[in-house]
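In: Please find the sequence and the predicted model below.
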Amino acid sequence: MTATDDILLLNAYIDGELDPAHALEVERRLVNDPELAAERARIEALRRVMAERLPREEASPELRRRVAALVPPRPIAAGWRAGRSLRWSAQWGAMAASVAIGLIIGSVGTYVATGPPGPAPVAQLVVASHVRSLAATQPVDVASSDRHTVKPWFNGKLPQSPRVVDLAAQDFELVGGRIDVIGLVPAPTLVYRRRLHLISLTALPVAQAAAAPRRAIDGYNLVEWTDADHAYWAVSDLARPELEEFAAAFRAGEPEP
Amino acid sequence: MSREDKARFEQVVMPYLDDAYGLARWLTGNRADAEDVVQEACLRALRGMAGFAGTNARAWTLAVVRNAAHDWLRKNRPQAVIHVDDLEAIERLQSGAASDGTASADPTPEAALIARAEEARLEAAIAALPVVFRETLTLRDIQGLDYREIASITGVPIGTVMSRLARARGRLIASLGADK
């Protein structure tokens, strides 16, 4: 065995890539060969220092947006061409309070979605707020995965701060919170994330609950439920079963102490 | 590209965007170029979604990024990739000489020096590695892939992965273990 092979095997041993027979052989060599043992110390020092000192590289929000723009939410891209924008344009002219949302959808082209005007159903307003948040620089006004940071942020801005549940264990990471205005009512909205999909969860006074909840609008799934005090609306491009899983987890979640 | 491709892209590529960026960052050496490489790689991944066999999404994604990065290097840093084969031949000669040279050296202060290397020095030492060594080291020690995955991503036999990794680490040890 050449010296070079020794070094290759030593590296593979440190990387846990050797079968037991070869690992045993390297371990025996390490006991009897101080030079090999010294090389092991150097390699392990190097591996440790790389693990400790090198920052974890993360794709910037800007890069995430650029990549996400390559794959717009599917139903939107399909739906807008069907003439819906014409109908909405007509309403647009007639209504005063409207929200315009520009979504630049990569190489496919630019689609302009005009948000629902005036006294539109809560479902549409909630989806519009979600879409608007995706187009904003940040989907939240308070960014934190700590519910003890997010909940107090609402204090003083709203009469009641919302229930915030830690769902990290269920793989729904808390991103933060913001205030959406639904109709004319400021409402606390929490933002959670699973993989790259954001979920907006808006809490409204029960009186505003929808009579006939809608399951999806423009490719965004909606799940709605009520408790004693609030109607909750969860909006996301997450698949429906996962969004329902989120809703169930939130309802079952321990409220903050 | 079909809707199914887009859906698969979201499941296969999007979860590994940080890894994709990390690899591109180490290969191109800077943030802006890395982002361009990742975007180009994502376009290629979308077009090539049908080619994903459904086994290892992370390795597949990194292979696409790696190839896009190499194309970028060939175009923008031709001197960095041209002589890979020559370089490995030279390396083989050098490594023989190097291991003779370090045989008598006292290892303890060297390991201690390495352990104290600051981030900037570490980055500079890695950046100075030839591309094929750098990518092997990045995939193994920064992104934690195993030899088999690295072999499939870089398109070389496992023996070559082992030798490149050992050479990359050897060079870093020599550069970080030497007193400044």
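Out: Alright, I've got the coordinates. Numbers count the residues shown, from 1 in each chain, chains lettered A, B, ... in the order given.

In: can you pull out the helices in the chain?
Out: Using chain A. Taking DSSP state H, the helices of chain A run over residues A:3-14, A:20-32, A:34-53, A:61-68, A:74-79, A:85-94, A:122-135, A:147-154, A:240-252.

In: try again with chain B
Out: Residue ranges of the helices in chain B, as given by DSSP H, are B:3-12, B:17-28, B:31-47, B:57-76, B:78-81, B:84-102, B:107-115, B:119-127, B:131-137, B:147-154, B:158-177.

In: pLDDT averaged over the shortest one - what is it?
Out: With pLDDT averaged residue by residue, helix B:78-81 scores 72.

In: Name the nearest residue to B:Ala63, sequence neighbours excluded.
Out: Taking Cβ to Cβ, 6 or more residues apart in numbering or on different chains, and ignoring the residues beside it in sequence, B:Ala63 has B:Ile153 as its nearest neighbour in space, at 4.5 Å. To be clear about C-beta, it is placed using only N, CA and C from the backbone, and glycine gets the same treatment.

In: which ones are touching that neighbour?
Out: Under the criterion of Cβ atoms under 8 Å, 6 or more residues apart in numbering or on different chains, the contact list for B:Ile153 reads B:59, B:62-63, B:66, B:139, B:145.

In: Tell me the predicted confidence for it.
Out: What the model reports for B:Ile153 is a pLDDT of 94.

In: gap between it and chain A?
Out: Distance of B:Ile153 to chain A, computed by Cβ to the nearest Cβ, to the nearest Å: 16 Å.

In: repeat for B:Arg31
Out: B:Arg31 sits at a distance of 8 Å from chain A (criterion: Cβ to the nearest Cβ).

In: The residue lying closest to that residue once chain neighbours are set aside - how many residues pack around it?
Out: Spatial nearest neighbour of B:Arg31, chain neighbours left out: B:Arg25 (6.6 Å); criterion: Cβ to Cβ, 6+ apart. Close neighbours of B:Arg25, defined as other Cβ atoms under 10 Å in any protein chain shown, add up to 22.

In: Let me see the contact set for B:Arg25.
Out: The contact partners of B:Arg25, by Cβ under 8 Å, 6+ apart, come to A:57, B:31, B:34.

In: tell me, what residue is most central in chain B?
Out: Taking Cα atoms, centre = their mean as the criterion, B:Glu135 is the residue nearest the geometric centre of chain B, at 1.2 Å.

In: I figured that one hits B:Leu23, correct?
Out: Yes: proximity of B:Glu135 to B:Leu23 meets the contact threshold set by Cβ atoms under 8 Å, at 7.2 Å.

In: what touches both of those two?
Out: Counting by Cβ under 8 Å, 6+ apart, the contacts common to B:Glu135 and B:Leu23 are B:66, B:69.

In: In chain B, what helix or strand scores lowest on average pLDDT?
Out: Counting by mean pLDDT, DSSP states H and E, the weakest-scoring helix or strand in chain B turns out to be helix B:84-102, with a mean of 51.

In: if you skip the residues just before and after it, what's nearest to the residue in the stretch 151-257 of chain A that chain B sits nearest to?
Out: In the stretch 151-257 of chain A, no residue comes nearer to chain B than A:Leu196, which is 5.0 Å away by Cβ to the nearest Cβ. Closest residue to A:Leu196 in three dimensions, ignoring its sequence neighbours and counting by Cβ to Cβ, 6+ apart: B:Met14, at 5.0 Å.

In: does the one you found really touch A:His197, like I thought?
Out: No: the pair B:Met14 / A:His197 is not scored as a contact, 9.3 Å apart, by Cβ under 8 Å.

In: what about these two, which has more around it?
Out: B:Met14 (22 against 19).

In: For that one, list the residues it contacts.
Out: Counting by Cβ under 8 Å, 6+ apart, the residues that B:Met14 touches are A:67-68, A:195-196.

In: Kindly report the same for B:Ala117.
Out: For B:Ala117, the set of contacting residues under the criterion of Cβ under 8 Å, 6+ apart consists of A:49, A:53, B:125, B:176.

In: Per-residue pLDDT of it, please?
Out: Per-residue confidence (pLDDT) for B:Ala117: 85.

In: how much space between it and B:Ile173?
Out: As judged by Cβ to Cβ, to the nearest Å, B:Ala117 and B:Ile173 stand 10 Å apart.

In: do A:Val223 as well
Out: From A:Val223 across to B:Ile173, the span is 55 Å (Cβ to Cβ).

In: now swap in B:Arg167 and tell me
Out: Taking Cβ to Cβ as the measure, B:Arg167 and B:Ile173 are separated by 11 Å.

In: Compare those two (neighbour count), which wins?
Out: More neighbours surround B:Arg167 than the other of B:Arg167 and B:Ile173, with 27 against 23 (other Cβ under 10 Å).

In: any low-confidence regions in the chain?
Out: Chain wasn't specified; assuming chain A. When residues are selected by pLDDT under 70, those of chain A lie in A:1-2, A:73-120, A:207-213, A:255-257.

In: I was thinking of chain B, sorry if that wasn't clear
Out: In the prediction, chain B carries residues with pLDDT under 70 at positions B:1, B:81-108, B:179-180.

In: center of chain A, which residue is that?
Out: A:Arg193 (2.6 Å).

In: give the contact list for that one.
Out: Taking Cβ under 8 Å, 6+ apart as the test, what A:Arg193 contacts is A:172-173, A:175, A:199.

In: which one of these has the most neighbours?
Out: Counting neighbours by other Cβ under 10 Å, the one among those with the most is A:Ile199, which has 26 neighbours.

In: For the residue nearest to that one when sequence neighbours are not counted, which residues count as its bridge partners?
Out: Taking Cβ to Cβ, 6+ apart as the measure, A:Ile199 lies nearest to A:Ser236, with 4.1 Å between them; neighbours along the chain are not counted. Following DSSP bridges, A:Ser236 is listed with bridge partners A:Ile199, A:Asn221.

In: Surely A:Ser236 and A:Ala216 touch.
Out: No: with contact defined as Cβ under 8 Å, A:Ser236 and A:Ala216 do not form a contacting pair (10.4 Å).

In: Kindly provide the distance from A:Arg132 to A:Leu198.
Out: When distances are taken as Cβ to Cβ, A:Arg132 and A:Leu198 turn out to be 12 Å apart.

In: err, B:Glu119, not the other one
Out: 32 Å.

In: How many residues are close by the closest residue to chain B within the stretch 1-150 of chain A?
Out: For the stretch 1-150 of chain A and chain B, the shortest gap (Cβ to the nearest Cβ) falls at A:Ala38, measuring 3.0 Å. One way to gauge burial is a neighbour count; for A:Ala38, by other Cβ under 10 Å, it gives 18.

In: just A:Ile182 next, same as before
Out: 22.

In: domains of chain A?
Out: The domain map for chain A lists A:3-53, A:61-252, with the assignment taken from automatic domain parsing.
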